[in-house]
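# Fold the following.
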Amino acid sequence: MDEKLLDERLLLAKARIKEIPEELSGVTANDACDYLGFFISKSKYISYMLDVYENISAYTDAVNNKKMYEDILPENYASSFSNPDYAEEKMGVMGSVFSYISAELQGLPGLIFDDKKQQIVCLLELFLMIYYLFESGDEIKLTNIEETIQYYVSDYIEDVMRDRMEDCYIPERGVAFDIIKNGDLGNTDYLYKYGEYISDSEIRLAEYMNSLSDEKIESLAAVYTDGFRRGFDTMGISFEGKNSVWIRYHIGQERLVRQAAKNFEDMGLKVIVCRCAINRSIRRQVVKQGYESTSPNKQFEYDHRNDDRIFLDGKFVNKRIEAAEAVSKELAEYMTGFAGPAVIETFGEELFSPVAKESVEGYNDKQQELVTKLYSKLGAISNKYLPGDSYSFTIIAFPMPDIGEDFEKIFDETIIINSLDNEKYKKIQQSIIDVLDQADVVRVVGMNGNRTDMTVKMRELVNPEKETQFENCTADVNIPLGEVFTSPVLKGTHGVLNVSSSYLNGYNFKDIELVFEDGVVKGYSCKNFDDEESGKRYIKENILFNHEFLPIGEFAIGTNTYAYTVAHKYNILDKLPILIVEKTGPHFAVGDTCYSHAEDHAVFNPDGKEIISRENDFSLLRDTEPEKAYFNCHTDITIPYNELGRLYAVGHDGTETDIIVEGKFVLPGTEELNKAYE
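All right, here's what the predicted structure looks like:
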């Protein structure tokens with residue numbers, strides 16, 4: 001869009017919005033809808049953010065950072081229009097759409113610090129269009145406002161998609177790249193240059209990173225970047241022609257990221273760093289991909305997870321699919337050179353269980369169908385331009401200072417966990433695989449109140465000398481090491497999976513239970529809420545991602561007893577990320593398999609055997625019924641060793657071979673794993 005025209009539109013919008021508070025100062029509120037407070041408070045916030053835009057360097061400090069987010073901070077949220085309860089109280093049936101607009105405006109800091117002028121202008125013009133509806137004095141209906149929002153989203157979806165995909169695939173651009181490349185990391189004031197919410201956690205994390213020696217930083221970065229490069233060899237993927245890598249990290253880790261960027265550059269990879277998606281037209285519930293900081297308010301994020309329901313119809317879905325195809329075609333060259341994401345996760349923040357609000361509406365049945373269609377089509381387009389067997393990834397995790405007074409000790413222990421001996425574990429895990437490859441089924445039974453009782457159907461190998469069912473997973477794409485995993489046969493897989501507490505996709509689940517028939521989720525519950533229906537909705541939205549069902553995409557046995565004992569020593573098992581937790585017991589993943597979109601790509605274990613369990617009954621439909629093949633999600637649920645009574649293989653002749661009994665490894669060749677308990 002023409003830059004001069006954008007500047008003119010921005011000036012006009014700014015001038016008009018500045019007039020609103022005074023304009024409304026003498027107006028009497030309409031009893032049916034108290035909109036005055038909304039327009040006055042939001043116009044003042046917009047004016048403040050536009051002042052920031054004019055002179056960002058003068059606003060990059062702690063005071064202004066808090067001011068940008070103060071409306072949604074927990075201590076202010078009860079009286080915020082971003083809170084659906086408050087918006088409904090003040091604005092009745094129109095509360096939900098005004099709460100959406102308020103939440104969308106809360107994205108201004110990210111848009112402004114990234115200089116997304118077109119998105120800023122369009123958002124301000126949406127605000128003014130809604131204001132003009134009320135200013136006209138005519139009777140306003142909810143449908144009028146919803147239609148205005150729908151036009152706004154539909155008109156600009158291709159521009160928003162292009163903006164986002166350019167951020168994700170074009171390297172060496174944006175405010176974060178400048179910070180990583182050129183910022184003075186010795187002074188934590190640099191944290192405020194992101195425009196993200198900066199809490200005490202980010203400051204303490206940056207200070208801790210600055211306290212580490214150059215040698216330690218180099219060592220940490222090497223584990224991470226070497227694992228990424230090694231993943232190409234492990235997966236049998238060509239590294240030739242790859243020229244970019246997307247680093248995802250937590251703000252405060254810049255010193256580590258800077259060293260990692262140097263390592264990647266030595267491999268010939270340019271670095272991509274960008275923030276998580278802001279605009280709700282392209283966000284998927286609360287999923288975040290990019291650099292991030294501590295959430296100013298997780299309840300706010302949860303309340304607005306389904307905001308797209310306001311404009312989610314067939315027209316929008318088709319336009320977004322068309323936009324994804326068009327932009328992917330434009331960026332095909334960048335996508336071809338994309339080596340994959342390299343992710344640094346964090347853990348240790350306070351566990352969060354959301355409050356379910358009646359003022360927050362979910363998707364209707366038709367919208368749930370549309371969401372399934374949308375992400376199925378988007379996945380297919382992505383795989384067309386960036387095939388699943390053409391890139392790799394790596395993911396590693398480190399604690400945040402929030403984890404408590406033992407933060408530094410836990411950080412050091414995490415370094416050890418992430419650096420365990422690949423060769424030793426490779427041999428131990430192979431002894432487990434040798435038994436599993438001969439099994440007809442595997443049984444998993446809980447203890448200590450855990451109600452798990454699962455039967456997992458295995459494949460019968462046609463050529464056991466050259467084939468295997470399980471991948472021998474060490475530290476490459478998935479750090480730390482410590483699991484063997486497979487895509488089980490669905491028919492014949494059944495039972496109950498239960499875990500007392502699990503932290504999944506950013507939320508805590510209490511006493512979660514899933515029931516399976518022929519490898520597919522048929523029932524589910526949890527104890528996060530007083531009423532059963534709220535618990536079911538919680539699981540459906542955040543584990544099933546609004547699908548009516550999901551298959552088991554993965555069955556695995558974690559072998560990292562060292563990580564488990566560290567977790568118990570510091571009482572942090574429920575705070576560990578699934579990346580580590582999945583290595584501390586058997587786990588089941590619901591959703592797609594680990595080989596999603598890459599089933600035809602042969603993968604081999606270190607012993608040379610081909611891993612043949614790369615798909616299931618759903619992914620088999622990828623050529624004939626592609627819309628049914630993938631679910632575009634994958635969530636691991638782990639049974640910790642202290643809740644595991646028995647895990648054993650059952651041969652075709654009924655012979656039972658124990659692998660784990662009462663949390664201890666008993667299979668010959670695995671005894672070394674129990675030393676961690678000592």
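# who touches residue 550 in this structure?
If you count contacts by CB atoms under 8 Å, 6 or more residues apart in numbering, residue 550 has them with 520, 521, 543, 544, 590, 591, 631, 633. Yep, even glycine has a C-beta here, placed from its N, CA and C like the rest.
# hang on, I meant residue 39
20, 24, 131, 134.
# Kindly indicate which of those lies nearest residue 206.
Comparing the contacts of residue 39 against residue 206 with CB to CB picks out residue 20 as the nearest, at 38.7 Å.
# what's the distance between that closest one and residue 124?
Per CB to CB, to the nearest Å, residue 20 is found 12 Å from residue 124.
# For my notes, confirm residue 490 occurs in a helix.
No - looking at residue 490 with DSSP: H, G, I helix; E, B strand; the rest coil, it is strand, so not inside a helix.
# what pLDDT does the residue of the chain positioned farthest from its centre get?
For the chain, the residue at maximal distance from the C-alpha centroid (CA atoms, centre = their mean) is residue 26, at 46.4 Å. Looking at residue 26, its pLDDT stands at 72.
# show me where pLDDT drops low in the stretch 451-600 of the chain?
Applying pLDDT under 70 to the stretch 451-600 of the chain flags no residue at all.
# Please identify which of the contacts of residue 550 is nearest to residue 654.
residue 520 (26.2 Å).
# Counting neighbours, what do you get for the closest one?
19 (other CB atoms under 10 Å).
# Quick one: residues contacting it.
Per CB under 8 Å, 6+ apart, neighbours of residue 520: 490, 549, 550, 551, 552.
# Can you pull the phi/psi pair for the third one?
Right, the one you point to is residue 550. Main-chain torsions, residue 550, degrees, to the nearest 10: phi -140, psi 150.
# Would you check how far apart it and residue 533 are?
Using CB to CB, one gets 19 Å for the distance from residue 550 to residue 533.
# And the first one, by the same measure?
As judged by CB to CB, residue 490 and residue 533 stand 28 Å apart.
# Same question for the fourth one.
Taking CB to CB as the measure, residue 551 falls 24 Å from residue 533.
# So between these two, which is more surrounded?
Neighbour count, other CB under 10 Å: between residue 551 and residue 533, residue 551 has more, with 24 against 10.
# and the more buried one, what does it touch?
Counting by CB under 8 Å, 6+ apart, residue 551 has contacts 490, 519, 520, 521, 590, 591, 616, 617, 618, 631.
# give me that answer again for 6 Å
490, 519, 520, 618 (CB atoms under 6 Å, 6 or more residues apart in numbering).
# List the backbone torsions phi and psi for it.
Per-residue torsions, residue 551: phi -90, psi 170 (degrees, to the nearest 10).
# ok, now residue 99?
Dihedral angles (degrees, to the nearest 10) for residue 99: phi -70, psi -40.
# what does the model give the residue nearest to residue 401 when sequence neighbours are not counted for pLDDT?
Ranked by CB to CB, 6 or more residues apart in numbering and with sequence neighbours excluded, the top spatial neighbour of residue 401 is residue 204, at 4.0 Å. Confidence at residue 204, expressed as pLDDT, is 97.
# ok, how many other residues are close to residue 204?
Counted with other CB under 10 Å, the neighbours of residue 204 add up to 16.
# That one - that's part of a helix, no?
Yes - applying three-state DSSP, one finds residue 204 inside a helix.
# From residue 501, how far out is it?
Note on residue 204: its distance to residue 501, by CB to CB, is 26 Å.
# what do you get for residue 143?
For residue 143 relative to residue 501 (CB to CB), the value is 44 Å.
# Over to residue 345?
Distance from residue 345 to residue 501, by CB to CB: 19 Å.
# got it, and residue 589?
18 Å.
# Of the two, which one has the most company?
Per other CB under 10 Å, whichever of residue 589 and residue 501 has more neighbours is residue 589, with 24 against 16.
# Show the average pLDDT along the helix or strand that residue 218 is a member of.
In the assignment (DSSP states H and E), residue 218 maps to helix 214-235. Per-residue pLDDT values over helix 214-235 give a mean of 94.
# Mind listing what's buried along that helix?
Neighbour-count burial for helix 214-235 flags 217, 220-221, 223-232, 234-235 (criterion: 16 or more other CB atoms under 10 Å).
# can you name the two of these that are farthest apart?
Between all members of the buried residues of helix 214-235, the farthest pair (by CB to CB) comes out as 217 and 235, at 27.7 Å.
# Verify the stated contact: residue 447 with residue 645.
Yes - Residue 447 is within contact range of residue 645, at 3.2 Å (criterion: CB atoms under 6 Å).
# hey, where'd the strands end up in the stretch 551-678 of the chain?
552-558, 586-591, 610-611, 634-638, 644-651, 656-661, 664-665 (DSSP state E, counting those that start in this stretch).
# need those strands in JSON lines with distance to residue 336, can you?
Below are those laid out as JSON lines (distance: least, CB to CB, whole Å):
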{"stretch": "strand 552-558", "distance to residue 336": "27"}
{"stretch": "strand 586-591", "distance to residue 336": "27"}
{"stretch": "strand 610-611", "distance to residue 336": "26"}
{"stretch": "strand 634-638", "distance to residue 336": "25"}
{"stretch": "strand 644-651", "distance to residue 336": "43"}
{"stretch": "strand 656-661", "distance to residue 336": "43"}
{"stretch": "strand 664-665", "distance to residue 336": "44"}
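# Out of those strands, which gets nearest to residue 373?
Nearest of these (CB to CB): strand 586-591, 16.8 Å.
# Give me the angle between the closest one and strand 656-661.
In terms of direction (axes from the mean of the first three to the mean of the last three CA atoms, to 10 degrees), strand 586-591 departs from strand 656-661 by 90 degrees.
# what's the helix holding residue 218 packed up against?
In terms of contact count using 3 or more CB pairs under 6 Å, 6 or more residues apart in numbering; DSSP states H and E, helix 214-235 is assigned the packing partners helix 254-266, strand 394-399.
# which one of those has the most crowded surroundings?
Counting by mean count of other CB atoms under 10 Å, strand 394-399 has the highest mean neighbour count of the helices and strands packed on helix 214-235, with a mean of 23.
# Heading C-terminal from that one, find the next helix or strand.
helix 407-417.
# Give me the contacts around that next one.
398, 399, 401, 403, 480, 563, 566, 570.
# List the contacts of the first one.
What it means is residue 398. Contacts of residue 398 by CB under 6 Å, 6+ apart are residue 414.
# how about a cut-off of 8 Å?
By CB under 8 Å, 6+ apart, the residues touching residue 398 are 253, 344, 345, 346, 347, 411, 414.
# just the buried members of these?
Buried among those by 16+ other CB under 10 Å: 253, 344, 346, 347, 411, 414.
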